[in-house]
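A.B. asks: I would like the atomic coordinates for the input below:
(2 chains)
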Amino acid sequence: MEILKVENLLKKYPKFTLDNVSFSLRQGEIMGFIGRNGAGKTTTLKAIMHLVRLDGGSIEAFGKEFTADELTNRKRIAFSLGGVNFFPFKTVEKLTEVTARFYPTWDQSKFEHYLKVFEIDQKKKIKELSEGMKTKYSLAIALSHNAELLILDEPTSGLDPVSRDEILYIFKQLVSDGKRSVLFSTHITSDLEKCADTITYIRNGKLVVANMTKEEFISAYKLVEIETDLFDDKIKDFLIAFRKEKGLVIGLIETKKVELLPTFVKIKSPDLENIMVFLEWEANHEKFNL
Amino acid sequence: MKNLIYKEWKLNIHPLSVIFATVFAVFIAIPGNPHFLSFIYVTFAYSLIFVGGTKGVDNNDLYYTATLPIRRVDIVRARTLSLVSLQLMNILASIPFAILYFVFFKSAPGSEEALGYISAGIEPNISLYAMALIYFTLVDLIFLPWYYKNINKIIVPYMTATFSSMIVFAIFSSVLPMIFPLYYELFNEPNNLFFQFIFLALSVIIYIGGHFLIVYLSKRNFAKADI
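C.D. replies: Numbering: from 1, shown residues only, chains lettered A, B, ... in the order given. Alright, predicted model coming up:
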């Protein structure tokens, strides 16, 4: 069942346009929404929650138009914006006491259980929590009101590798019963390798891929390695992007074009980071042509 | 809505705002002090509510509130109600001091000459309260719809609203009475009590109606705003 369906989102700013963004998320799925800083990830997530007004497109949640029953949808969704500190001088206890009132399904014993698991002290002020703790606190809130869909903006940004791994492990645990789904944005490709079922990739406000599995995404590209002397314009035309280093030309190519390359070209499997870096490079090729 | 109002008082309304609304009401009893000033401080508390606490840190309230399962219109309503409660608190807190002014200072021997000499406009009477209600309406009418149109900019709408309204309030309550004796007579003297009551009734209508209009305009602007 599709828990979230985003179709042709259009949002125009003077210097940026979110252009026809479409993707969907199924129940029990973790989707990594990836793109570099400023690509439009946060704007898309805000648009889903109707925090920014759209110039076009539609959003369906739980099988219905989001605005048709916005209040109920908001109760079923946990939304968290990364890097935002709410009421930094209030204690966890006080902020939670207020937040809980808005959710009829709030389960205080569950919340206390998660605080214990996440080792969060209720008496601490929000500003005293580390970034990882803040993310865990958001998750504790989401789980305590039984959110079915978690939309999290850069939950792993700024975290140390151990905390990041913990958060990603929690995501996997959350969806394990097949009832909840997670949509999280990130610019860290290893997050996707660790826990995302599907990938949606945005670049300069436009989708590069949507709803692809990691395996499909990785298998769609190959890395090529050619000695600089053997590199010519014919090969160059096949590549998405390339760079020269240490007597070699390293580039990215679509898998379907590999057979067109000469046999002396070495072909390797890329990882997500390789693909993202070269795809971004394609978009900004001039910038790197020093 | 009930939960939002609870949130306003638990998280947003800084204790200093309540002090601005209540303790500063004492200014109304000080002879020679422009009495309208006791209604000004409460509007200075807006910045504490909209931006954050005294530590200069933004509470990011709107980001927090916008993620809750509530409608945008309720955010506007709850905030307007918070401001209205502080204003009414200010008015209620000032009434005992206004009475104190008349009972102790105005009725004291020799006060006629002394107060006449140091008078700074309309005394803390019905007219001043009516003007205060209009002042509050004016501040909110300029500030709230403007703020909800562009939520990332607060200083310009806030400063424009408070200072322009304060100047208008000062002119009508302190400057005009000093220039035009008839104006002073009409708004200040007990023999024009009927007129002053009519003025108060009118100001109550302006205050209530004005705040309905303020919520309507703010809600309309906020519906189009990007958070």
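
A.B. asks: Where is the longest helix in chain B?
C.D. replies: Using DSSP state H, we find that the single longest helix of chain B is helix B:193-224.

A.B. asks: Remind me what that one packs against, helices and strands.
C.D. replies: The contact analysis (3 or more CB pairs under 8 Å, 6 or more residues apart in numbering or on different chains; DSSP states H and E) places helix B:193-224 against helix B:72-100, helix B:126-149, helix B:181-188. For every residue, glycine as well, the C-beta is placed using N, CA and C.

A.B. asks: Just the C-alpha atoms of the last one, please, in PDB.
C.D. replies: When you say that, I think you mean helix B:181-188. What follows is helix B:181-188, C-alpha atoms only, in PDB (Å, rounded to 0.1, in the frame of the first residue of the first chain):
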ATOM      1  CA  PRO B 181      -8.700  73.100  26.200                       C
ATOM      2  CA  LEU B 182     -12.100  72.000  24.700                       C
ATOM      3  CA  TYR B 183     -10.600  68.600  23.900                       C
ATOM      4  CA  TYR B 184      -9.200  68.300  27.400                       C
ATOM      5  CA  GLU B 185     -12.600  69.300  28.800                       C
ATOM      6  CA  LEU B 186     -14.400  66.700  26.700                       C
ATOM      7  CA  PHE B 187     -12.200  63.700  27.400                       C
ATOM      8  CA  ASN B 188     -11.000  64.500  30.900                       C
END
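
A.B. asks: coming back round to it: comparing the helices and strands packed on helix B:193-224, which yields the minimum mean pLDDT?
C.D. replies: Averaged per stretch, pLDDT over those is lowest on helix B:181-188, reaching a mean of 83.

A.B. asks: now what about it, what contacts it?
C.D. replies: With CB atoms under 8 Å, 6 or more residues apart in numbering or on different chains as the test, helix B:181-188 has contacts from B:122, B:123, B:125, B:127, B:176, B:177, B:178, B:191, B:192, B:195, B:196, B:199.

A.B. asks: and the spatially closest residue to the fifth one that is not a sequence neighbour, how many neighbours does it have?
C.D. replies: Read that as residue B:176. Distances taken as CB to CB, 6 or more residues apart in numbering or on different chains place residue B:183 nearest to residue B:176, at 5.0 Å, with adjacent residues excluded. Using other CB atoms under 10 Å in any protein chain shown, the number of residues around residue B:183 comes to 15.

A.B. asks: go on, the one 10 residues further on?
C.D. replies: Residues within reach of residue B:193, counting by other CB under 10 Å, total 12.

A.B. asks: Please tell me how far it sits from residue B:199.
C.D. replies: 10 Å (CB to CB, to the nearest Å).

A.B. asks: Show me what from chain B comes close to chain A.
C.D. replies: B:3, B:6-7, B:10-11, B:53, B:55, B:57, B:59-61, B:63-64, B:66-71, B:223-227 (CB under 8 Å from any CB of the partner chain).

A.B. asks: Among these, name the ones in helices.
C.D. replies: B:3, B:6, B:7, B:61, B:63, B:64, B:66, B:223, B:224.

A.B. asks: what's near enough to touch the first one?
C.D. replies: Shown in contact with residue B:3 (CB under 8 Å, 6+ apart): A:98, A:101, A:102, B:70.

A.B. asks: Secondary structure and distance to residue A:173 for those residues - can I get that in a markdown table?
C.D. replies: Formatted as a markdown table, those follow (DSSP: H, G, I helix; E, B strand; the rest coil; distance: CB to CB, whole Å):
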| residue | secondary structure | distance to residue A:173 |
| --- | --- | --- |
| A:98 | helix | 27 |
| A:101 | coil | 27 |
| A:102 | coil | 25 |
| B:70 | coil | 29 |
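
A.B. asks: tell me which of those residues is nearest to residue B:89?
C.D. replies: residue A:98 (21.3 Å; CB to CB).

A.B. asks: Now do that closest one: how many residues are near it, please.
C.D. replies: Neighbours of residue A:98 using other CB under 10 Å come to 21.

A.B. asks: Mean neighbour count, the helices and strands packed on helix B:193-224: which tops it?
C.D. replies: helix B:126-149 (a mean of 23; mean count of other CB atoms under 10 Å in any protein chain shown).

A.B. asks: re earlier: buried among the residues of chain B next to chain A? Need that as a selection in ChimeraX.
C.D. replies: The ChimeraX command for the buried members of the residues of chain B next to chain A (criterion: 16 or more other CB atoms under 10 Å in any protein chain shown) is given here:
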select /B:3,7,11,53,59,60,61,63,64,66,67,68,69,70,225,227
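
A.B. asks: where does the chain dip in pLDDT?
C.D. replies: Since no chain was named, I'll use chain A. Across chain A, residues meeting the criterion (pLDDT under 70) sit at A:82-84, A:282-290.

A.B. asks: looking at chain B here, not the other one
C.D. replies: For chain B, the stretches flagged by pLDDT under 70 are B:52-57, B:107-119.

A.B. asks: Next up, the contacts around residue A:126.
C.D. replies: Contacts of residue A:126 by CB under 8 Å, 6+ apart are A:85, A:86, A:87, A:88, A:89, A:90, A:91, A:92, A:95, A:134.

A.B. asks: Confirm the fifth one sits in a strand?
C.D. replies: Which is residue A:89. No - Residue A:89 sits outside any strand when classified using DSSP: H, G, I helix; E, B strand; the rest coil, being coil.

A.B. asks: Might one say that it is in contact with residue A:125?
C.D. replies: Yes - applying CB atoms under 8 Å, one finds residue A:89 in contact with residue A:125, separated by 5.8 Å.

A.B. asks: beta partners of the residue in the stretch 151-290 of chain A that chain B sits nearest to?
C.D. replies: Chain B sits closest to residue A:151 of the stretch 151-290 of chain A, with a gap of 9.5 Å, by CB to the nearest CB. Using DSSP bridges, the bridge partners assigned to residue A:151 are residue A:79, residue A:183.
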